[in-house]
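Enquirer: model the structure of this input:
(chains A and B)
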Amino acid sequence: MGKPTGFMEYKREELPYRDPLERIKDWNEFSVPLPECARMEQAARCMDCGTPFCQSGMVIEGLPSGCPLNNLIPEWNHLIYNDMWEDALERLLKTNNFPEFTARVCPAPCEGACTLGVIDPQITIRNNEMAVIERGFEEGWIKPYIPVKRTGKKIAVIGSGPAGLACADQLNKVGHSVTVFERSDRVGGLLMYGIPNMKLEKGVVERRLELMEKEGIVFRTGVEVGKDVMADEINEQFDATVLCCGSTIPRDLKVEGRDLDGIYFAVDYLTGNTKSLLDSNLSDDNHVLAKDKDVIVIGGGDTGNDCVATAIRQGCRSVRQFEIMPEAAAERTSENPWPQFPKIKKTDYGQKECIALFGNDPRQYCISTKSFSGTNGKVTSLNTIQIEWGKDNEGRFFPREIEGSEESYKADIVLLAMGFIGPEKDILNDFGIETDARGNVKAEYGIHTTNIDGIFAAGDIRRGQSLVVWAIKEGREAARECDKYLMGSSILP
Amino acid sequence: MQQYGYPEKQGLYDPQFEHDACGIGAIVSIDGRKSHKVVMRALEILINLEHRGASGSDAKSGDGAGILVQIPHLFFRKACSQLGIELPEQGRYGVGMFFLPQDTEKRQHCQYIFEQAVAREGQEFLGWRKLPLEDTCLGVTAGKSMPYIMQAFVRCSTDLETELDVERKLYVIRKQTENTLEREKMQGFYIPSLSSRTIVYKGMLLAEQVRTFYKDLSHPSFKSAIAVVHSRYSTNTFPSWERAHPNRYIIHNGEINTLRGNVNWINARKSMLESDAFGNDLSKVYPIVNEDGSDSSMFDNCMEFMHLSGRSLAHVAMMMIPEPWSKNKTMDKAKRDFYEFNSCLMEPWDGPASIVFTDGTTLGAVLDRNGLRPSRYYVLKENILILASEVGVLDIEEDEILYKERLRPGKMLLVDTKEGRIIGDEELKQTISTAKPYGKWLKENMESIHTIEHSEIKEMPKVVNVAKHQYAFGYTYEDLNLLIKPMAETGKESVGAMGNDVPLAVLSERPQPLYSYFKQLFAQVTNPPIDAIREEIVTGTEMYLGAQQNLLNSEEMSARQIKIESPILTNQETEILKNVTEDGFKSKVIPIFFSPDDDGESLEEAMIRVFEEADKAIEEDANILILSDRGINSSKAPIPALLASSGLHHYLIKNGKRTRVSIVVESGEPREVHHFAVLIGYGASAINPYLAFESIEKMINDGLIRETDYKQAEYNFIKSVTNGIVKVMSKMGISTLLSYQGAQIFEALGIGEEVIKTYFTGTPSRIGGLKLRDIGRETVIRHKSAFDLMRKNYALESGGDYKYKSNGEYHLYNPMTIHKLQQACRTGKYSIFKEYSGLFNTTHKATIRSLLEITSPNTAIPIEEVEPIEDIIRRFKTGAMSYGSISQEAHETLAIAMNRLNGKSNSGEGGEITDRFIPDPNGDSRNSAIKQVASGRFGVTSYYLVNSREIQIKMAQGAKPGEGGQLPGRKVYPWIAKARLSTPGVGLISPPPHHDIYSIEDLAQLIHDLKMANSEADINVKLVSEVGVGTIAAGVAKGKADVILVSGYDGGTGAAPRTSMKHAGLPWELGLAETNQTLVLNNLRDRVKLETDGKLMTGRDVIIAALLGAEEYGFATAPLVAIGCVMMRVCNLDTCPVGVATQNPELRKNFKGKPEYVVNFMRFIAEEMREIMASMGFRKLDELIGRADLLKTGKLPDNFKYQNLKLDGLFHLPSLPEGSTRYRSKRQVHGVEKSFDYRILDHLLHDAIASGRKTTAVLPIKNIDRDVGTYVGSKISRIYADKGLSEDTVVLNMKGSAGQSFGAFMPKGITLNLEGDCNDYLGKGLSGGKIIIRCPEEADYVPEENIIIGNVAFYGATGGEAYVNGVAGERFCVRNSGVHAVVEGVGDHGCEYMTGGRVVVLGKVGRNFAAGMSGGIAYVYDSDGTFEKFVNKEMVLLERLNKNIEADMVRSMIKKHYQYTDSDLAERLLDKWNETLEKFVKVIPVDYKNIITEIESAVESGRDLETAQLAAFRKYAG
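Expert: Model prediction:
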């Protein structure tokens, strides 16, 4: 529908970003909204496929293809094109509790799977989503909804990241009394502290949290289950529990010199910065400051990029980003065809800022850190070696060091952004939850029941480190299963 | 009556679906003079119609033939006196013809029962006569099943005063005898006739055997003034003596489509019947209709009954087969009134029919409203009328002929031998329709819903929460946006593409509306679907509400009904009905709710409550029952409206009250065309879809529907639903809603036996399924979800029925399967293909085959021992996809791939550019091995046909069986127009039927035509699965098809109405299994290849198809996906982004497919088959074809809907006749060598064709000489390609009556110059040849007033010239695209669907001229200024001729006509040319005119043709 010939008439136009040299002067969001008529043209490009891959939520070779939430993308594109924003919002909210988050932080596997991508640049799905949800807030269409009746069932959701919030939101809608436990001082998990403000302004998160509180969800911050409140107490006080504690143990780099000062996990670095920003507009000293320092980020992913952007805003002298994998191709290879998640080189906002400011891309590829050197207990440099990727007999890739390619890089701050290896064990032990071989909670996707009756698990704690959309999806699914468990049936999707 | 020798219902075979077709003939001395010559001539007619009949697997056993004559009194007097029986005077005794059991004891018992009945009725039994027979001529089957044949004589008592009294009494005696023996389950007893007026001699005979077998007939004293003959073609080879015609009153060529409804209604009327004529005897003659008989015999039963209760046969015929009156504004008022009045009494028996009836004094003939059967007659100077399906059935000198005519659609011919004259249609109907004051009765009694008195409507009911109700009734976002919205906005149904790949309703994990379990049936082969758009004049949508009165008496009160123009009622109209106060009408609302609390258990109870309330209401004189689900709430769930109304319909039929009330449905449930069609098909008279209306209103308020206000949107919705229902009925060939109502033209799939028996009585349902409780449960699931207190979000579910949605219905083609398939085919990795095929081995059951498990008695063998991939692949084909629906790149890629594999690709119905017939330099060939011949005949030339290895006749298409198609002008790009031999930018219409196939003997003729056009190609007939397809296939096998394809309903399409894709037709598993079983039962299996297609996705699918009987396999969607299709389902929009299904040059650049991908796909499928074969221990595919016994029902997932499925019918294995095989092992005998061309012309013209030397010959010809010029024409095309020979290279001067398909597909260089007349299909597919038909010199009649050629001349002709010195039948030049023809008059529907060529008509035209005509020009000489009335002006303009070039061209055509035929008319017109020119009217389609004018002027200004075409296309269509 939309406009059948739209894709032949209009070109893809993404949300413009503010000028890099301007935006690094503040911590505000980097994008500017597109005018409405342009947005409608972008929506008109949607072909309303007979088989929309964009919303399929497949996993191909371990990577997502199409929206894991199964967002009704063609439907709201059509409605945007027809200037029916409120209806678009209704359909958007049917599958996604928090479009304002995904529209900002999702790597958009929907766009990677968009069929138009076979022949042309894809639809700006993520930007369209953003337009709908922000319009919804602006127009006041989003109002707290208080359930007509309470079931009397009490549910504990442990962890307030995207999975926990989605789960709580769903359960509350069908009248259960939900309490969300968060050990940190602010609700939101990585939405609050893991993702920097310029990517996801914290006002956006707070706007949602206020809404949820008004709807009757109780948030208990600064309460760590297992310390401040015991698992037994939870079991006693609540009819069911959903564990949404995330995958929080960061991957470490256990090489010589790791103990030196100045080496931090990215998550701690980013958390500290955001907390300071929110607490004191960065006037307190409770965070690592990269001003005038040489910064090296190890890890070429999104978090690494966030570190680069943060360091730049803090005024670093230089920043580099090391990636052990080779540089991705500029376009899809035959090994990575549509609709697979595109493994192509993406230059993100932080890297662009680096290029604008320092004239170089911060990324270096096929580089492995062998050890850290330092003086006075403080890190001063990294010792690296270049590697080569080969294939073993079974076709698996493995790295081979290139002799003589050793180098040393100067660094005052090293940030480890190499992902997370799994959930923390204590809480699982407290509840007696079984884990799988990878250390994640053992619970079937779509069912979410753990080995303990009445305890469910959703999000990274079950799936392992993943995307915000997966977390929301799991939170929703677990909510439905939990509702079924309590009520016998569920109207939740 | 008891069936002789028909097999029991078994497996999926059911004898009730048997069909007949035939040739018919009659001869009558108009003045009533009896003679033996009349009988002899009639038998000669029979023999000359032989090719219209058929013989079975045993060539000497005919399908049946017979003759009906007046009682030969003199003959019987002699014959009886030898037996010691003294016959009374003529008319005072009855003669019965008896088929009795061969077993003496049983026979004597039957005789005794009859004698008893005679005595009981106060008549005198005179004696029995055993007939002298010559049974040595019989075939084995016929001989084995031959009954003991006797005649009985009964003297009538004197109290029977009139002839009718006598007949009535004999009828009562016969009925009682039949009923007694029926009760005793006597086999082999049948009374062909028992009358004082007429007698029937018939049997399972070949036409020529009738005379020999019945020695009586040859006796010189065996005399009659009337003789009626019939040669039968049945769809089976089972012995049946009684199914031969004539019946007691009629012979019939055609089919009654509405039979089930007609029979139900006649039974339902029983309680209202009263007859002065029968008096107390009335109850003795029940049942009126014997339901074991054929449709013709049931028609005969009804006609007999109504005739004997006091109406003349002609009167009854007018009631049963009315003319189309409701849309005919020019019809005489009295006649209109008569028809309208009788609509209140009974519904039409609808279907193609040529019926001849006689009571021994009068002989009448009538044709159905569409004129779908041929019926030609001569009146001779010696006062004799000869009528037959064909001309030339008797050798008659031209100077003996007074005139030649044909029966016209809806018209009647009556010969009254007492009055000694022919009574014309007008006089006859005038007399009958003015016999009673029908007009006055109507005026005083019939009401309109808009004027009827009613109490004040205080408040219109309103749904409070529309979204919540939508939720409860299962509306989806898709329903609103894809179905309802387009209907409300445009007044048309929405169109989709790529077919259906969602689970059957019973396999869906989502609750389905009950309607989805009912699949629409459609006409194929044995009768034609009709075109309700282009031939709207024959349709009728009016309905009547209120009680019906006594059928047997035409009385004033019968007209006391409320007329509605459409069965869809607005809310306002429904309120009026509820509040009606006018005398004679009383309505009653019956709520249809049940409790949602016990999971559907209480549904049965609720139904009983509905029935009780209905009974009560009827007792209180209500005559309009409104079943309503308004007011659902959390404790009241709606009974599915279909269940409530069909249940009540059948309940009331059973208790005899049905015709006292009309059933009206007021429901929130129905919203798409199919829903309404099913409701009406099961008895509802009118439907108020209040929630659909409220949904439209909501969409308007929400801004989803714009530019229409509510009134207009409501009007649009009603219009599109009404037209949609008409389309659904026209698929079955039904024209009037009145006869569709209750006709039950559906097959249920997934509904259990008990539910069917009680609530949908008589509906086929072959795999069991839901119990009543389960139906309730599906409603409850929806209902509870909607009324859950906690529900906040009423944003509707997406649905995903038509397009895939992740949270919606499962699709076989989903993102993952598409991705894996494409990856596998592109990379050539079999391991990825296995991942793909593994995706179907899930618990997700979507198809019947997914429920099956393959077993084997053998141990596994190593895969190396299995026959190689290459051998298996020869059996693979790609589906028919036209060049036009898909791009050149895609079309050629498929062809190259299949040619590399030695498989076959299929051209589809769009022709093929001829350069593809020549191999490419690299050795590849882009030529499609299979050439399709579909109803549009686009690009079907002699040259096209000779370049095929197989020719496929598309009878139906899975995605939209029973429908035609339309390629809109914007898709007819110049290159498409070239292949289709049409004009760029001008839309092309494929009619729903092949206009040369209205019945099975017509199909046999087309098969013969094509075999003659390419004797080396196999002829393949494509059918679509539905109940009874096996029986049809058996008929097709008898019609000499080499291959029969049974397609599934789920096949792809470039464009089809969404409801058709989903709801019409059945899965191939059922159709294939039924076909295979039926062919084996008939001993026909080994002479045809059986093929199947329809979403074959994996090797396992194909193995299951093989086990169910298929030996060849078609793939269409999968290879398209392999070459890039991503199931966008936008083929109809021409926006396919991957260049597969588009003609847009920009988008075509995106095409990335390669033949290798298709090759990979086919090889993967074959490899997977080999794996399965190895595991089963089979080395050769042939060994497992038809081994349905190796299948069993697999483990079914634990879903309540699956629990009562019974698939056993699929596994039934009829035993194989000795020496036969379960696959094709012998060839059909086509008889090419018996043809005129082969015997005479081939030899005669050998040198001429080889050298191009001019040759002339003079030859006599007869009606049995068919396809003259076709075979020799094919030889020319093989040598000279599409160029042919130069004009008049071969000139054949002939004399006589030419057989069917004279000059079919004849290329340039041959001229047929015939003096005489011609049967149907003259110049079919003419490909450049010239045909001249001259009126014989010695003829006394006036050519322009006499019929000289039959129906459907020059159908699909692509080039050539024709000059016809006389009048043509119906559908002259239908779909002509190139012939230049001159004719002196044409019947109805002239130039229908024409796309090119020039037609000059010098005389009168019939109705509906130029319907659907999109190209070409007709010039009609309008002598009296009435022409305009006969034109269907939807697409054409009427203009004057351009003075110069155009007038000269027409003049030169007429001049040639004069030169070739000596036409007096032409001479006269040319003599006064200026005057003549003034009266010529030019008929030109609007779009065509614009485009050709543009092209012509561009060419004139110096541009080359190609550039000019493209520019014109862009300007007007692009």
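Enquirer: and the gap between the residue nearest to B:Lys654 when sequence neighbours are not counted and chain A?
Expert: Closest residue to B:Lys654 apart from its sequence neighbours, by Cβ to Cβ, 6 or more residues apart in numbering or on different chains: B:Thr761 at 8.0 Å. Quick note: C-beta positions are derived from backbone N, CA and C, even for glycine. According to Cβ to the nearest Cβ, to the nearest Å, B:Thr761 and chain A sit 36 Å apart.
Enquirer: pretty sure B:Thr761 contacts B:Tyr651?
Expert: No: applying Cβ atoms under 8 Å as the test, B:Thr761 and B:Tyr651 come out as separate, 9.6 Å apart.
Enquirer: so where does the residue nearest to B:Lys654 fall, helix or strand?
Expert: Using DSSP states H and E, B:Thr761 sits within no helix or strand.
Enquirer: and the residue of the stretch 1151-1300 of chain B nearest chain A?
Expert: Among the residues of the stretch 1151-1300 of chain B, B:Lys1152 lies nearest to chain A; the distance is 8.5 Å by Cβ to the nearest Cβ.
Enquirer: what parts of the stretch 451-600 of chain B come near chain A?
Expert: By the rule Cβ under 8 Å from any Cβ of the partner chain, the part of the stretch 451-600 of chain B lying against chain A is B:477, B:481, B:496-498.
Enquirer: just send these back as CSV, with secondary structure and distance to B:Ala523 too.
Expert: Output for these, formatted as CSV (DSSP: H, G, I helix; E, B strand; the rest coil; distance: Cβ to Cβ, whole Å):
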residue, secondary structure, distance to B:Ala523
B:Tyr477, helix, 35
B:Asn481, helix, 32
B:Gly496, strand, 23
B:Ala497, coil, 24
B:Met498, coil, 25
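Enquirer: which of those ranks first by neighbour count?
Expert: Among those, B:Met498 has the most neighbours (other Cβ atoms under 10 Å in any protein chain shown), with 29 neighbours.
Enquirer: now do that one, the pLDDT please.
Expert: The model reports B:Met498 with a pLDDT of 91.
Enquirer: got it, and B:Gly56?
Expert: You'll see B:Gly56 listed with a pLDDT of 64.
Enquirer: and for the one 5 residues further on?
Expert: We note a pLDDT of 75 for B:Ser61 in this prediction.
Enquirer: which residues touch it?
Expert: B:55, B:138-143, B:204, B:206, B:237, B:239 (Cβ atoms under 8 Å, 6 or more residues apart in numbering or on different chains).
Enquirer: so which of those wins on neighbours?
Expert: B:Met204 (33 neighbours).
Enquirer: so it touches B:Gly66, yeah?
Expert: No: taking contacts as Cβ under 8 Å, B:Met204 lies outside contact range of B:Gly66: 9.7 Å.
Enquirer: now for those two: what residues contact both?
Expert: B:Ala244.
Enquirer: what domains does the record give for chain A?
Expert: Following automatic domain parsing, one gets these domains for chain A: A:6-139, A:154-248+A:421-487, A:252-418.
Enquirer: can you tell me which residues in the stretch 151-300 of chain A are near chain B?
Expert: Proximity of the stretch 151-300 of chain A to chain B is confined to A:173-175 under the rule Cβ under 8 Å from any Cβ.
Enquirer: gap between the two ends of stretch A:36-52?
Expert: Stretch A:36-52 has an end-to-end distance of 25 Å (Cα to Cα, to the nearest Å).
Enquirer: which parts of it are buried?
Expert: Within stretch A:36-52, the residues scored as buried using 16 or more other Cβ atoms under 10 Å in any protein chain shown are A:38-52.
Enquirer: do it and chain B meet at all?
Expert: Yes: using Cβ under 8 Å from any Cβ, stretch A:36-52 reaches chain B at A:47-52.
Enquirer: ok, now how distant is the residue of the stretch 1151-1300 of chain B closest to chain A from B:Pro638?
Expert: 50 Å (Cβ to Cβ, to the nearest Å).
Enquirer: when those two are compared, which one has more neighbours?
Expert: B:Pro638 (26 against 15).
Enquirer: quick one, phi/psi of the more buried one?
Expert: Dihedral pair for B:Pro638: phi -80, psi 130, per degrees, to the nearest 10.
Enquirer: quick one: contacts for the residue of chain A found nearest chain B?
Expert: At 2.7 Å from chain B, A:Gly50 is the closest residue in chain A, using Cβ to the nearest Cβ. Taking Cβ under 8 Å, 6+ apart, we find A:Gly50 in contact with B:496-498, B:802-804, B:1127-1130.
Enquirer: show me these that map onto strands.
Expert: If you go by DSSP state E, the contacts of A:Gly50 have B:Gly496 in strands.
Enquirer: kindly indicate which of the contacts of A:Gly50 lies nearest B:Ile576.
Expert: Here the nearest of these to B:Ile576, counting by Cβ to Cβ, is B:Tyr802; it sits at 35.7 Å.
Enquirer: check the burial of that closest one by counting its neighbours.
Expert: So B:Tyr802, with other Cβ under 10 Å, has 27 neighbours.
Enquirer: what residues are up against it?
Expert: Going by Cβ under 8 Å, 6+ apart, B:Tyr802 touches A:50, B:478, B:482, B:496, B:1058, B:1061-1062, B:1129.
Enquirer: ditto for B:Val502
Expert: Shown in contact with B:Val502 (Cβ under 8 Å, 6+ apart): B:508, B:800-801, B:809-811, B:846, B:1062.
Enquirer: how far away is it from B:Gly750?
Expert: Distance of B:Val502 to B:Gly750, given as Cβ to Cβ: 14 Å.
Enquirer: try B:Val1405
Expert: According to Cβ to Cβ, B:Val1405 stands 50 Å off from B:Gly750.
Enquirer: related to what we said a few turns ago, give me phi/psi at the residue nearest to B:Lys654?
Expert: With angles defined as degrees, to the nearest 10, B:Thr761 sits at phi -50, psi 130.
Enquirer: likewise for A:Val178?
Expert: Phi and psi for A:Val178, reported as degrees, to the nearest 10, are phi -110, psi 130.
Enquirer: was I right to think it contacts A:Ser160?
Expert: No: look at A:Val178 against A:Ser160 with Cβ under 8 Å: they stay out of range, at 11.2 Å.
Enquirer: need the residues touching each of those two.
Expert: With Cβ under 8 Å, 6+ apart as the test, A:Val178 and A:Ser160 both reach A:Ala168.
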